[in-house]
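Peer 1: give me coordinates for this.
(chains A and B)
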There are 2 protein chains.
Amino acid sequence: VKYDLILVGFGNVARRFVDLLHERRRQLARDFGVDTRVVAIITRHGSAVAPRTGSAASVELDARRLARVVAAGRRLESGAPPSDPLGVLDRALRARRGAAKQGRLIVVETTTLDIKRGEPAITHVEKSLAAGAHVVTANKGPAAFAWDRLSRRAARANRRFLFEGAVMDGVPVFNLARDTLPAVSIEGFRGVVNTTTNFILSAMEAGREFDAALSEMQAAGIAEADASLDIDGWDAAAKTSALANVLLGARMTPADVDRHGIGGITPARVAEVRRSGRRLKLVAEARRDGKRVAAGVKPVELPEHDLLAQLGPEENSLLLRTDLLGEIAIVQRSSSLTQTAYALLSDVLTIARGR
Amino acid sequence: VKYDLILVGFGNVARRFVDLLHERRRQLARDFGVDTRVVAIITRHGSAVAPRTGSAASVELDARRLARVVAAGRRLESGAPPSDPLGVLDRALRARRGAAKQGRLIVVETTTLDIKRGEPAITHVEKSLAAGAHVVTANKGPAAFAWDRLSRRAARANRRFLFEGAVMDGVPVFNLARDTLPAVSIEGFRGVVNTTTNFILSAMEAGREFDAALSEMQAAGIAEADASLDIDGWDAAAKTSALANVLLGARMTPADVDRHGIGGITPARVAEVRRSGRRLKLVAEARRDGKRVAAGVKPVELPEHDLLAQLGPEENSLLLRTDLLGEIAIVQRSSSLTQTAYALLSDVLTIARGR
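Peer 2: Numbers count the residues shown, from 1 in each chain, chains lettered A, B, ... in the order given. Alright, predicted model coming up:
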């Protein structure tokens, strides 16, 4: 099956995704019968849309060339006013109605998280599903703010809305629960899901300063551009909200998460906790509480034998408390751009396998 | 869909499975459209086979009543000579040809592991697939000795051969790799997969004697009846062989695993390792080595920060080394009969979802 891809957002993750599709082209054809072509790239700084008719070469974009254009700091060319990405998306969806009707249109959403409202990602998802496209996204916003509405909309349209990359990159979390734990009820979870804060706390244990550790994470491209998203716990809260909505059936937003960041934590405090044989981690947590779901993100002094206490500076982990399997944990031992890009690829393959 | 189940083996795991089906009956119908009935129970100590025709009640067995019969130490009644379980299986499969043709017949294999040849479990699996039944098993033997042959046979017959319970009970390992890591290549794995040896080594760290710890595991029903299967590393070797065959495409048997048990390990040695800041664990390991797969099971002195070193006495974990996701780990934090029984249920639901 040949899928038409509309890329909304074309930053590092989307560009690595384009490379990954190219590197794995033969494997995807052989093992999954999947071929892809990029038919539109839409960003706030310009867009590129392939014409609907013409030669095989002209109806798809040379996405790898365009990735180099953007990486070099130049704008994508486009006939559309670059300030109107929603309009470009509307037109691109309309132009690919045929592929959408056949379930061959996938919108790959990788805009950055807006922690206030989850926009414009939610609108991108809604428009795409309404037009008959599947949606895969690495953005936490849609699941964190509007999982219930969007998942119902996807089900009605008989299309998929997938976001494995929203938590722990491509390491299976949402797919794990959906595909490998049938009939299991998840009663709660605890996790370390933000790498920047985990790295900073670990660095302070080793005697380093907060700001130096943060700078290192920013230089590595792991910290959010707006560092307060990490430090104040917003990134972890968005992940917690997405997890609680999907795994526990909550209907919350990041604002409903009882959130405490690590901004006020000093190296002295970290050292003192460490001396007492404990470890300080930013722990994301949620549990059913009658019909409600209570969720929080806060620095916790963990006893040394706690699985979360033992995580290294760049490791993430999620522990699920279940009815039939007791507690199980999944651990991500390192992170990379490839892992986030793979999350998008695994979602595309989930769509293909579900046909 | 109503599945007919033939239970081969009716020990603790199969009996808990029967209870679980009963407890979850409404959920399975509501969420998966699945109903089940047990039509035959076959053991070395007697069998029970429901007639093929008659009233709805008479064509299925009251498996929960029969479980109480067996738990009380009494024999299953049967017209067949109890010494011929293979003959009873043949006849039961023939009698249920109709259900088999419709993909509604599942053989649930829970005989105990034969570490020499994997029999009679392999024969049970082959006969069942040949008769058009799906097979789910908690026995490590078939995948450890004959994965390649049996998986091909299942594919040809368009039936499933599933064994999630062979490693880490119902915690997803095989399902994790198959369903949530599309296009990911697993290059190797390391794990602690035998609870009895892990418990004994942990107990010796705490100053206890080998034999006392082993007795405790036997009393809890966790150690194998033949303790040497655990102590000499055979159980771990069978799991390693199954994992290597399925995840790495090896074609090995447990005898091909470079196997070292914990029989010679003294409390003094364990204490000495612990004092040096390391932990002794029985580590199962395999990796691709050119076209070969090298696999081993042996006691390893692990540095304290190693994820496997940090496992508690009753925890298991498997670390997968992958091309696209780096290293990921799944951790089982406790084990129970329900977890093993759930493995069988999850396999049944995998069959139902694949229709």
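
Peer 1: C-alpha only now, for contacts and for neighbours.
Peer 2: Will do.

Peer 1: what about the helices in chain A?
Peer 2: Ranges of helices in chain A, per DSSP state H, are A:12-23, A:25-32, A:63-71, A:85-95, A:97-101, A:121-130, A:141-157, A:174-180, A:195-205, A:210-219, A:228-231, A:234-248, A:267-275, A:337-353.

Peer 1: which residues of the stretch 251-355 of chain A lie near chain B?
Peer 2: A:305, A:307, A:310, A:324-335, A:338-339, A:342, A:346, A:349 (CA under 8 Å from any CA of the partner chain).

Peer 1: show me which of those residues are buried.
Peer 2: By neighbour count, with 16 or more other CA atoms under 10 Å in any protein chain shown, these hold A:307, A:310, A:324-335, A:338-339, A:342, A:346, A:349 as buried.

Peer 1: among those, which are in strands?
Peer 2: Taking DSSP state E as the definition of strands, these contribute A:E327, A:I328, A:A329, A:I330, A:V331, A:Q332.

Peer 1: low-confidence stretches in the stretch 201-350 of chain A?
Peer 2: Counting by pLDDT under 70, not a single residue of the stretch 201-350 of chain A qualifies.

Peer 1: near chain B, which residues of chain A show up?
Peer 2: For chain A, the residues in contact with chain B under the definition CA under 8 Å from any CA are A:27-28, A:31, A:170-172, A:175-176, A:179-183, A:305, A:307, A:310, A:324-335, A:338-339, A:342, A:346, A:349.

Peer 1: recalculate using a threshold of 7 Å.
Peer 2: Contact residues (CA under 7 Å from any CA of the partner chain) of chain A with chain B: A:170-172, A:175-176, A:179-180, A:182, A:324-334, A:338-339, A:342, A:346, A:349.

Peer 1: return the residues in contact with A:G263.
Peer 2: Contact partners of A:G263, counting by CA atoms under 7 Å, 6 or more residues apart in numbering or on different chains, are A:I231, A:D232.

Peer 1: and with 10 Å instead?
Peer 2: Contacts for A:G263 (CA atoms under 10 Å, 6 or more residues apart in numbering or on different chains) come out as A:T197, A:F210, A:S228, A:D230, A:I231, A:D232, A:G233.

Peer 1: please apply the same query to A:D258.
Peer 2: A:D258 sits in contact with A:G233, A:A237, A:A284, A:E285, A:A286, A:A294, A:A295, A:G296, A:V297, A:K298, where contact means CA under 10 Å, 6+ apart.

Peer 1: one more time with 6 Å, if that's ok
Peer 2: A:G296 (CA atoms under 6 Å, 6 or more residues apart in numbering or on different chains).

Peer 1: gap between it and A:A155?
Peer 2: A:D258 sits at a distance of 31 Å from A:A155 (criterion: CA to CA, to the nearest Å).

Peer 1: try A:R96
Peer 2: Distance of A:R96 to A:A155, given as CA to CA: 21 Å.

Peer 1: could you do A:K281 as well?
Peer 2: A:K281 sits 38 Å away from A:A155 when distances are taken as CA to CA.

Peer 1: who's more crowded, those two?
Peer 2: Using other CA atoms under 10 Å in any protein chain shown, the more surrounded residue of A:K281 and A:A155 is A:K281, with 26 against 12.

Peer 1: the more buried one contacts A:V297, correct?
Peer 2: No. Under the contact definition of CA atoms under 6 Å, A:K281 does not touch A:V297, with a separation of 10.2 Å.

Peer 1: joint contacts of those two?
Peer 2: With contacts taken as CA under 6 Å, 6+ apart, A:K281 and A:V297 have no neighbour in common.

Peer 1: quick one, what contacts the residue nearest the centre of chain A?
Peer 2: For chain A, the residue nearest the mean C-alpha position is A:A166 (2.3 Å; CA atoms, centre = their mean). For A:A166, the residues meeting the contact criterion (CA under 6 Å, 6+ apart) are A:A138, A:N139, A:K140.

Peer 1: which one of those is nearest to chain B?
Peer 2: Distance to chain B, by CA to the nearest CA, is smallest for A:A138 among the contacts of A:A166, at 15.4 Å.

Peer 1: by neighbour count, which of the contacts of A:A166 wins?
Peer 2: Comparing these on neighbour count, A:K140 comes out first with 31 neighbours (neighbours: other CA under 10 Å).

Peer 1: gap between the nearest residue to it once chain neighbours are set aside and B:E272?
Peer 2: Using CA to CA, 6 or more residues apart in numbering or on different chains and skipping the chain neighbours, the partner closest in space to A:K140 is A:A166 (4.7 Å). Here the criterion is CA to CA. By it, A:A166 lies 45 Å from B:E272.

Peer 1: so where's the stretch 51-200 of chain A shaky on pLDDT?
Peer 2: In the prediction, the stretch 51-200 of chain A carries residues with pLDDT under 70 at positions A:57, A:78-83.

Peer 1: next, count neighbours for the nearest residue to A:D35 once chain neighbours are set aside.
Peer 2: Distances taken as CA to CA, 6+ apart put A:K2 closest to A:D35, at 4.5 Å, once the chain neighbours are dropped. With neighbours defined by other CA under 10 Å, the count for A:K2 comes to 14.

Peer 1: isn't A:F199 right next to A:G312, touching?
Peer 2: No. Counting by CA under 6 Å, A:G312 is not a contact partner of A:F199; they are 8.1 Å apart.

Peer 1: compare the two and say which is more crowded by neighbours.
Peer 2: Ranked by neighbour count (other CA under 10 Å), A:F199 and A:G312 place A:F199 first, with 22 against 17.

Peer 1: give the closest residue to the more buried one in space, chain neighbours not counted.
Peer 2: A:P313 (4.4 Å).

Peer 1: how far away is A:V69 from B:V136?
Peer 2: With distances taken as CA to CA, A:V69 is found 53 Å from B:V136.

Peer 1: quick one: stretch A:296-308 to chain centroid distance?
Peer 2: 24 Å (CA atoms, centre = their mean, to the nearest Å).

Peer 1: please report the distance of A:A67 from A:D19.
Peer 2: For A:A67, the distance to A:D19 equals 9 Å [CA to CA].

Peer 1: please identify which of these two sits among more neighbours.
Peer 2: More neighbours sit around A:A67 than around the other of A:A67 and A:D19, counting by other CA under 10 Å; the figures are 22 against 17.
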